[in-house]
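Peer 1: coords please:
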Amino acid sequence: MHQKMKLTEAEREAIAAKYQRRIIELGTPIFGPPDGDLNIVPFADPKSQEFQRRIMDATLGLLEAAPPLDEETPPHRKPGDLNRTAERLRAGEVDLPDPSLDREEVAASFDKHAEFARKKVAFGAEMDAVANEALAGLLPVLLALKDFATELLQIVKEWAREDPDGPAAGYFRDMNRAWRQGAGRAGRRR
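Peer 2: Have a look, this model is predicted:
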């Protein structure tokens, strides 16, 4: 069994650039081609860049902790159980199914799988934290947009009251109907 080396800064940047290009490739059919060079960071907002950095760091940390692909994953064991089994193997308290295996290598494998399981949990927690912060930052914008739409509806309503036969009355009916349907409330039955 071989030990996995930590990624160098150049390797981390290469992986980050690869994922940035992939994000742009996936977004091009939806949003159109990006302006300028493909090596740009797709997010210009500093908060978005922080989110992107946190996502990349968490992803790279998870990839660095991954055990080699040729190792069999222990079945449904908690990280603490894996660490305790590794310690018992090192102490000679547990017999190996195959005596030709090296106890230290098997114990190191259990420790690596335990570390990976912990990193998966940390990765999920970091993704949840980033999503919650992004949504919390978006909430004031959505509330401001709702307030703007409400004020606009009130202005059109006043115009419709001033001139019931004018074009504002038709706009108000259409806007009010759309507002009520969007809010899940049907209009009056006649």
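
Peer 1: return the helix or strand in this protein with minimum mean pLDDT.
Peer 2: helix 9-31 (a mean of 65; mean pLDDT, DSSP states H and E).

Peer 1: name the residue most distant from the centre of this protein?
Peer 2: When each C-alpha in the chain is compared with the mean C-alpha position (CA atoms, centre = their mean), Asp165 comes out farthest, at 51.4 Å.

Peer 1: where in the protein is pLDDT low?
Peer 2: Across the chain, the ranges flagged by pLDDT under 70 are 1-7, 12, 16, 19-45, 185-190.

Peer 1: got the phi and psi for the residue farthest from the centre of the chain?
Peer 2: In this entry, Asp165 is assigned phi and psi values of phi -100, psi 0 (degrees, to the nearest 10).

Peer 1: what of Ala66?
Peer 2: Main-chain dihedrals, Ala66, degrees, to the nearest 10: phi -60, psi 130.

Peer 1: do you know how far it is from Val106?
Peer 2: Distance of Ala66 to Val106, computed by CB to CB, to the nearest Å: 18 Å. (C-beta placed from N, C-alpha, C; glycine too.)

Peer 1: of these two, who's got more company?
Peer 2: Val106 (20 against 15; other CB atoms under 10 Å).

Peer 1: the more buried one is in contact with Leu96, isn't it?
Peer 2: Yes. With contact defined as CB atoms under 8 Å, Val106 counts as touching Leu96 (6.4 Å).

Peer 1: shared neighbours, these two?
Peer 2: Counting by CB atoms under 8 Å, 6 or more residues apart in numbering, the contacts common to Val106 and Leu96 are Leu89.

Peer 1: which elements pack onto the helix ranked longest in the chain?
Peer 2: Secondary structure of the chain per DSSP state H: the longest helix is helix 103-162. For helix 103-162, the packing partners by 3 or more CB pairs under 8 Å, 6 or more residues apart in numbering; DSSP states H and E come out as helix 46-65, helix 79-91, helix 167-182.

Peer 1: now it: how far from the chain's centre is it?
Peer 2: The chain centroid and the centroid of helix 103-162 are separated by 8 Å under CA atoms, centre = their mean, to the nearest Å.

Peer 1: now the angle from it to helix 79-91?
Peer 2: 170 degrees (axes from the mean of the first three to the mean of the last three CA atoms, to 10 degrees).

Peer 1: begin at 33 from now on, thanks
Peer 2: All right, first residue 33 from here; so that's helix 135-194.

Peer 1: helix, strand or coil for Val126?
Peer 2: coil (DSSP: H, G, I helix; E, B strand; the rest coil).

Peer 1: which residues are in contact with it?
Peer 2: Val126 touches Thr117, Arg120, counting by CB under 8 Å, 6+ apart.
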